[in-house]
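Engineer: sequence below, structure please.
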Amino acid sequence: MLRFHFTPEDLIRLTVADRPHLLWEIVASLHRLQTREGRWAYAGWHRTAISALRDTGLDRAVRNVLLPLFPRARYFPDFLTPLEGKDGLDSGLDAILSTPRARVTQEISRLEQTVGAPAWTRGLADGESRGRVARVLRAYYDTVIAPYEETLHERLHTERANRAGAFLRRGSEDVLRTLTPTVRWRHPVLEIAPYPNHRDVYLNGRGLLLIPSYFCWSTPVTLADPQLPPVLLYPLHHPRALPSPPGRNSLHALLGTTRAAVLRAAATGATTGEAARRSGVTPTTASHHTTVLRDAGLIASHRHANTVLHTLTPLGAALLKQHAKHVGHARRASYGVSPVRVRR
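Structural biologist: Numbering: from 1, shown residues only. Here you go, the predicted structure:
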């Protein structure tokens with residue numbers, strides 16, 4: 001179990017990243033390539049990523065350079081996911097290149113001792129070797145992440161709206177209480193389970209940066225060094241059961257399968273594109289359904305720049321609430337995931 005110990009000052013300093021941390025997304029996506037856990041949720045991306053890596057000849061560099069540095073295991077070096085990455089890929093790569101030699105040597109030694117690493121990784125204390133890794137990271141990003149960056153931003157925008165709603169309802173503790181099924185808030189401690197080892201992180205007034213991640217699956221992740229600025233990467237995707245839980249047929253009969261899916265998407269805040277993906281239709285079709293739901297008084301739509309965010313009205317929330325009692329048991333069962341090998 002991983003536990004973050006909060007003080008009142010830490011609750012005040014709780015923040016949510018305002019853009020995707022692309023180095024963390026690279027790491028989490030590499031883990032998706034190494035495990036079958038949750039692969040169904042990324043099936044389209046997985047197929048195109050494998051094909052793109054093969055077509056560009058980058059698959060060998062990923063296999064020989066990146067996977068040894070980012071194993072799907074208990075540990076990989078913290079210096080490869082610097083805090084500066086929250087300001088963009090360029091800032092993150094610059095931070096990797098400027099990491100002090102002593103720290104790189106220490107973290108690579110820990111990698112060797114914990115999960116094993118090829119001999120060439122010892123040379124990463126040298127700036128030229130790190131430069132090669134940075135170039136492979138950028139090429140990997142351009143090939144398999146950049147085509148999905150709009151989706152990453154869209155999902156993050158929706159999640160921030162969801163976190164903001166939680167904060168406005170009951171404050172920062174509700175933000176923590178409603179993160180993911182594997183996270184439990186017991187004032188003043190945030191618990192994450194399962195986790196590969198037992199750790200206690202005392203924030204001591206430093207606050208905590210929450211980083212929503214598109215490619216993170218099931219279990220949140222933090223840094224290994226408790227002295228670094230505290231962060232928690234957590235998944236936007238949650239495990240779910242493939243069969244439809246009982247009690248949903250009546251809602252589907254009332255609204256139709258697609259419209260019911262769009263309404264459920266709005267429960268956590270969804271853009272038109274997100275509603276389309278969740279309901280398995282085109283954005284044009286999803287836009288039609290959001291119009292019908294809005295005209296029926298079940299959702300409200302708010303425009304932000306070029307994005308429209310759909311949220312439930314009290315009437316829409318009441319409609320879903322009528323069915324929540326019947327589906328609650330099935331949802332809890334679908335969240336019962338087995339421990340998987342994750343970082344730390």
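Engineer: quick check, pLDDT for residue 81.
Structural biologist: Here, the pLDDT recorded for residue 81 equals 97.
Engineer: what's around it, how many residues?
Structural biologist: Using other C-beta atoms under 10 Å, residue 81 has 26 other residues around it. The C-beta positions use only the backbone N, C-alpha and C, and glycine is treated the same way.
Engineer: so, low pLDDT: which residues of the stretch 201-344 of the chain?
Structural biologist: Applying pLDDT under 70 to the stretch 201-344 of the chain flags the ranges 237-253, 323-344.
Engineer: repeat that with 90
Structural biologist: Across the stretch 201-344 of the chain, the ranges flagged by pLDDT under 90 are 217-219, 236-261, 263-271, 273-284, 295-344.
Engineer: quote the end-to-end distance of stretch 295-315.
Structural biologist: 12 Å (C-alpha to C-alpha, to the nearest Å).
Engineer: no, scratch that, I was asking about stretch 30-41
Structural biologist: 15 Å.
Engineer: in that stretch, what's buried?
Structural biologist: Of the residues in stretch 30-41, 30-33, 37-38, 41 count as buried by neighbour count, 16 or more other C-beta atoms under 10 Å.
Engineer: out of those residues, which is nearest to residue 299?
Structural biologist: Distances from the buried residues of stretch 30-41 to residue 299 were compared by C-beta to C-beta; the smallest belongs to residue 41, at 24.5 Å.
Engineer: go ahead and confirm that closest one touches residue 215.
Structural biologist: No - in terms of C-beta atoms under 8 Å, residue 41 does not count as a neighbour of residue 215; the distance is 9.6 Å.
Engineer: ok, back up a step: among the buried residues of stretch 30-41, which are in helices?
Structural biologist: Using DSSP state H, the subset of the buried residues of stretch 30-41 located in helices is 30-33.
Engineer: so the residue nearest to residue 221 when sequence neighbours are not counted, which of the three states?
Structural biologist: Excluding its sequence neighbours, the residue lying closest to residue 221 (C-beta to C-beta, 6 or more residues apart in numbering) is residue 233, at 4.5 Å. Using DSSP: H, G, I helix; E, B strand; the rest coil, the structure places residue 233 in strand.
Engineer: wait, what's in contact with residue 233?
Structural biologist: Taking C-beta atoms under 8 Å, 6 or more residues apart in numbering, we find residue 233 in contact with 21, 24, 28, 211, 213, 216, 220-222.
Engineer: so which of those residues is the most crowded?
Structural biologist: For the contacts of residue 233, counting by other C-beta under 10 Å, the largest number of neighbours falls to residue 21: 28 neighbours.
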